[in-house]
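Asker: What shape does this take:
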Amino acid sequence: MTVTPPRPAPAGKQMLSEQVYAHLRDAIMRGDHAPGDALKPQDLAKERGVSLAVTREALVRLVGEGYADRLPNRGFAVPSFSDHRWQEIAEARRTIEPVVLRMSVERGDVDWEVRVRAAHHRLVRTPAYAPEEGEHYTEAWSEAHRVFHRTLLEGCGNLALLETFDRLWTASELTRRWSAQRDPGRDGADEHRRLEEAALARDADAAAGILTRHLTLTAAALTDDSGRAT
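Answerer: Numbering: from 1, shown residues only. Have a look, this model is predicted:
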């Protein structure tokens, strides 16, 4: 018996779904939809002038990437900042990343040192905020931030560990933005500077300790009712 494979979605529908996905993701990242806000497919479809099917497809993709939740019998919503999953992700990062950083400090060569220095320089030179991008930090800074943290770990030379970092980083993107807003007095720039210095000084203990505290402060801002990390 010959089984006919399912037809791929029409190109036009895929393009519309991609556009709606990108719009909603950016809106959530900017803070246009606050933590816990409902994401009503009917309203969003009307707002974007697309079908309900296209909108639902975009929302399902957001759920898969951690930018939205699918609630039983209640549709979709932006995740809550107090959701326990964020603390689980933070615990995973605190368990894995300092270990990988130790490996990177021990194994990294001169080229790795150059990349770390360049990634930190780009991070320092990239504006973290811009009025046109809302109350959260800019996309350019977000990417420079990701590259800096990943470059620190790349000296480990273990692709499987770096892929784990990539997955956890994507899963925690919302929490970084919310944490920065709830703890505006935190000196993240100094934390990044000390991370770079310890890594390039080949002080694995200091680098791992600084990174652990760096990750802990991000998670703490989401559990402190006053909105300030302790």
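
Asker: helix or strand right after the helix ranked longest in the chain?
Answerer: Determined from DSSP state H, the single longest helix within the chain is helix 84-107. Following helix 84-107 in sequence order, the next helix or strand is helix 110-125 (DSSP states H and E).

Asker: Let's see that next one as PDB, backbone CA atoms only.
Answerer: Extracted in PDB, the C-alpha atoms of helix 110-125 (Å, rounded to 0.1, in the frame of the first residue of the first chain):
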ATOM      1  CA  VAL A 110      45.600  32.100  22.000                       C
ATOM      2  CA  ASP A 111      42.900  32.400  19.200                       C
ATOM      3  CA  TRP A 112      40.300  31.700  21.900                       C
ATOM      4  CA  GLU A 113      41.800  34.500  24.000                       C
ATOM      5  CA  VAL A 114      41.600  36.900  21.100                       C
ATOM      6  CA  ARG A 115      37.900  36.000  20.400                       C
ATOM      7  CA  VAL A 116      37.000  36.500  24.100                       C
ATOM      8  CA  ARG A 117      38.600  39.900  24.100                       C
ATOM      9  CA  ALA A 118      36.900  40.900  20.800                       C
ATOM     10  CA  ALA A 119      33.500  39.600  22.000                       C
ATOM     11  CA  HIS A 120      33.700  41.600  25.300                       C
ATOM     12  CA  HIS A 121      34.800  44.700  23.400                       C
ATOM     13  CA  ARG A 122      31.700  44.400  21.100                       C
ATOM     14  CA  LEU A 123      29.500  43.900  24.100                       C
ATOM     15  CA  VAL A 124      30.900  47.000  25.900                       C
ATOM     16  CA  ARG A 125      30.500  49.100  22.700                       C
END
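
Asker: now for that helix, which elements pack on it?
Answerer: helix 139-154, helix 188-200 (3 or more CB pairs under 8 Å, 6 or more residues apart in numbering; DSSP states H and E). (C-beta placed from N, C-alpha, C; glycine too.)

Asker: Just send the ones you listed back as JSON lines, with mean neighbour count, distance to Gly64 and mean pLDDT too.
Answerer: Listed next are the helices and strands packed on helix 110-125 as JSON lines, based on neighbours: other CB atoms under 10 Å; distance: least, CB to CB, whole Å; pLDDT from 0 to 100:
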{"stretch": "helix 139-154", "mean neighbour count": "20", "distance to Gly64": "19", "mean pLDDT": "96"}
{"stretch": "helix 188-200", "mean neighbour count": "18", "distance to Gly64": "29", "mean pLDDT": "97"}
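
Asker: What are the buried residues along the longest helix of the chain?
Answerer: Buried residues in helix 84-107, defined by neighbour count with 16 or more other CB atoms under 10 Å: 86, 89-90, 92-94, 97-98, 100-105.

Asker: and what of stretch 51-63?
Answerer: Residues of stretch 51-63 classed as buried: 54-59, 61-63 (neighbour count, 16+ other CB under 10 Å).

Asker: which of the residues you listed lies closest to Pro184?
Answerer: Distance to Pro184, by CB to CB, is smallest for Leu62 among those, at 26.9 Å.

Asker: From Glu163, how far out is that closest one?
Answerer: Leu62 sits at a distance of 22 Å from Glu163 (criterion: CB to CB, to the nearest Å).

Asker: just Leu153 next, same as before
Answerer: Counting by CB to CB - Leu153 and Glu163 are separated by 11 Å.

Asker: Likewise for Ile28?
Answerer: Applying CB to CB to Ile28 and Glu163 gives a distance of 25 Å.

Asker: for Glu57, same thing?
Answerer: Distance from Glu57 to Glu163, counting by CB to CB: 26 Å.

Asker: mind listing what Phe165 touches?
Answerer: 96-97, 100, 149-150, 153 (CB atoms under 8 Å, 6 or more residues apart in numbering).
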